[in-house]
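Enquirer: the sequence and its predicted three-dimensional model are supplied below.
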Amino acid sequence: MSYKIHYFPVPGRAEVARLILSIGGIPYEDVHYTHATFPEAKPKMPFGQVPVLEFPDGKLLAQSGAINRYTAKLAGLYPEDPLKAARADEADFLLVDFMDLFSPTWFLPREEKIKAQQEILAGKGKDKLGFLSKLLGNLGEGYVAGDKLSFVDLTIFSTLSSLVSGMYEGVPTTLLGEYPALKAFRNKIANEPGVKAFYEKNSEGLRAAFKPDV
C-alpha cells in the first residue's frame, strides 16, 4: 500500500508533494479527476477540494501547505532547526500571497483574464516577485533554508515554472528574463538530480516548462 495524491492531471497545487515523495523515494499513486468526474468525489474530501493526500490506511489530509510540510518531514526535506524552518515558511507564505493575487482571474472571460493578469504583473505581483528576487539573490550558492535542499526550494521552482508554462495566459513565457535571480534559481533547482529525474519521466504538456533551461 502507498500514499495517494488526489488532484487533476496537471502540476498545480499537487506538484510539490509529488516532487517531495519522488525525491524521498516514498511510493505514491496519482489519482486524477476531471471537471466532469470531480463532483462525485468532492463530498468525500475533507474540505470539498483537492489536492488531498490519502494515507495507506485511508485517512485523508487536505490543504497543499499541510501536505507539503507533512511529506517534506517524511522525506527529510523539512528543516529541523526552528529558525531554518521559519525561513522556509517565510518564503513559502510570500509565494502564497503572490499566487492569491491570481485567484480572482481564473473564471473571468479570456480577454478580461489576460488583462487582469497583466495588471497584476505590473502592480502588486511585480512587488512580490521583486521581494522574492532579492531573497534568492542573497543566497549565493545556498538554498532558502541554508545549505540543504528543502520543500520551499521545490515550491519556488514549481511556482515559477508554472508561471511561465503558458497556463497563465496573461503572463509571458519569457517573464523570468526580467528577473535574473529568479531564472537562475529556477534552473538551479531544475538541475537537482531528483527534480531532473522526475521531469525526464514526466515532461508532458505544461511540464515541459519544468525542465532545465537549455
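Expert: Yes, it's here. Just so it is clear, the structure is predicted and the values come from calculations on it, not from any experiment.

Enquirer: doesn't Glu29 belong to a strand?
Expert: Yes: Glu29 sits within a strand when classified using DSSP: H, G, I helix; E, B strand; the rest coil.

Enquirer: ok, Ile156 to Pro172 distance?
Expert: Going from Ile156 to Pro172 by C-beta to C-beta, to the nearest Å gives 19 Å. For glycine as for every other residue, the C-beta is placed from the backbone atoms N, C-alpha and C.

Enquirer: higher neighbour count, those two?
Expert: Each of Ile156 and Pro172 has its neighbours counted (other C-beta atoms under 10 Å); Ile156 has more, 24 against 15.

Enquirer: pLDDT value on that one, please?
Expert: pLDDT for Ile156: 98.

Enquirer: now name the helix or strand holding it.
Expert: Using DSSP states H and E, Ile156 falls within helix 151-163.

Enquirer: what angle separates the next helix-or-strand element following that helix from helix 151-163?
Expert: As assigned by DSSP H and E, the chain's next helix or strand after helix 151-163 is helix 180-190. Angle, helix 180-190 to helix 151-163, by axes from the mean of the first three to the mean of the last three C-alpha atoms, to 10 degrees: 110 degrees.

Enquirer: phi first, then psi, for Ala62.
Expert: Main-chain torsions, Ala62, degrees, to the nearest 10: phi -100, psi 170.

Enquirer: what's the answer for Leu60, then?
Expert: Note on Leu60: its backbone torsions stand at phi -120, psi 140 [degrees, to the nearest 10].

Enquirer: beta-bridge partners for it, please?
Expert: Beta-bridge partners for Leu60, by DSSP bridges, are Glu54.

Enquirer: buried stuff in stretch 95-109?
Expert: Residues of stretch 95-109 classed as buried: 95, 98, 101-102, 105 (neighbour count, 16 or more other C-beta atoms under 10 Å).

Enquirer: for those residues, which one is nearest Lys211?
Expert: Within these, the smallest distance to Lys211 is 20.7 Å, found for Leu95 (C-beta to C-beta).

Enquirer: about what we covered before: tabulate the buried residues of stretch 95-109 (a markdown table), appending pLDDT, distance to Asn138 and secondary structure.
Expert: As requested, the buried residues of stretch 95-109 are arranged in a markdown table below (pLDDT from 0 to 100; distance: C-beta to C-beta, whole Å; DSSP: H, G, I helix; E, B strand; the rest coil):
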| residue | pLDDT | distance to Asn138 | secondary structure |
| --- | --- | --- | --- |
| Leu95 | 97 | 17 | helix |
| Phe98 | 97 | 18 | helix |
| Leu101 | 97 | 24 | coil |
| Phe102 | 97 | 26 | coil |
| Thr105 | 97 | 31 | helix |
